[in-house]
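Asks: please find the sequence and the predicted model below.
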Amino acid sequence: MPMRQTNYVALLLLLITICGGLISGVSSLHVTSTPPLVDVPVYSMATLNPPDKTGGTNGGSTTNMNILTYATPVSVRPDRVWALMGLYKGTLSHENFSRTRTCILQLLTAKHIPLVRLLGASSGNDLNKHQECSKLAPELAWRESSSSSSSSGDPSTTCKNSEQQPQLLPDCAYYLKLTAIGDIVDGGSHDVVICKVEEMLVADDSNEATRQEYLSTAKLRELGIITEQGRVAE
């Protein structure tokens, strides 16, 4: 057999072998109820409650916070835009955001781990999370936002404008003020909304939060705080 023909035959046999392996690999797939175990940042979304809610002093309204992991940037020009994909229906956070169309997204650090179960597994309709967080971790008591003239170096006490702001957790790695720029989209159990980033705040170099890594879902799974399905473990 000529050398060139021999090479073609060898190449053909190699392709058959590779394709056979691929088909064999595909045929071994099976259905699972476990989603991909991706590692994503953990946020707490701060929203303003309506004035008729009791238990707070923030201009006649309390603040509510939750745990949110379905959030991602989608654009940087002409405006910085993020998508919130984790507005869980039937919650106070969903109700508040639907009414005010704004929130402050707080990127948590390991320091906030003691608050994850409280913020993520309980409803602000059933208890005052502000008070409960203060009892659970007094050093993480929620703080009032103030004007940008603050010199504390802590962005949880800084805000550029004088409009009413929700209270915030101290020592977060980042604070993002978001405002909805489109309709809230029905996504089933959760709703989706596109938001403009109005303001980004981060601690200065003198603040410990600057040197901390942000909290991730992988860390929460490792500690047994959330399940593989992403729910807070009981």
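Replies: On my side now, so go ahead.

Asks: which parts of this protein are helices?
Replies: 3-27, 92-100, 116-121, 129-136, 217-222 (DSSP state H).

Asks: least reliable of these going by mean pLDDT?
Replies: For the helices of the chain, the weakest mean pLDDT is recorded on helix 3-27, namely a mean of 61.

Asks: can you give me the strands in the protein?
Replies: Secondary structure of the chain (DSSP state E): strands located at 43-48, 63-65, 71-75, 81-88, 102-107, 146-147, 158-159, 174-180, 185-186, 190-201.

Asks: which residues sit against the fourth one?
Replies: Under the criterion C-beta atoms under 8 Å, 6 or more residues apart in numbering, residues 45, 66, 68-75, 93-94, 97-98, 103, 105, 176, 178, 181, 184, 187, 189-197 lie in contact with strand 81-88. In short, each C-beta sits where N, CA and C put it, glycine included.

Asks: out of those, which end up buried?
Replies: Buried members of the contacts of strand 81-88, scored by 16 or more other C-beta atoms under 10 Å, are 45, 66, 68-71, 93-94, 97, 103, 105, 176, 178, 184, 190-197.

Asks: Leu176 contacts Leu168, doesn't it?
Replies: No - taking contacts as C-beta atoms under 8 Å, Leu176 lies outside contact range of Leu168: 11.4 Å.

Asks: Leu140 and Leu108, how far apart?
Replies: 10 Å (C-beta to C-beta, to the nearest Å).

Asks: so which of those two has more stuff around it?
Replies: Using other C-beta atoms under 10 Å, the more surrounded residue of Leu140 and Leu108 is Leu108, with 27 against 17.

Asks: skipping adjacent residues, who's closest to that one in space?
Replies: Leaving aside its sequence neighbours, Leu108 sits nearest to Leu215 (C-beta to C-beta, 6 or more residues apart in numbering; 4.2 Å).

Asks: got a list of what that neighbour touches?
Replies: Per C-beta under 8 Å, 6+ apart, neighbours of Leu215: 41-42, 107-110, 112-113, 116.

Asks: ok, now with 6 Å
Replies: Shown in contact with Leu215 (C-beta atoms under 6 Å, 6 or more residues apart in numbering): 42, 108-110.

Asks: what's the pLDDT at Thr158?
Replies: 57.

Asks: and the residue lying closest to Leu223 once chain neighbours are set aside, how far from Leu220?
Replies: Computed as C-beta to C-beta, 6+ apart, the closest residue to Leu223 that is not its neighbour in sequence is Ile113, at 7.0 Å. Look at Ile113 and Leu220: by C-beta to C-beta, they are 8 Å apart.

Asks: which one's more surrounded, these two?
Replies: Taking neighbours as other C-beta under 10 Å, Ile113 and Leu220 compare with Leu220 leading, 24 against 16.
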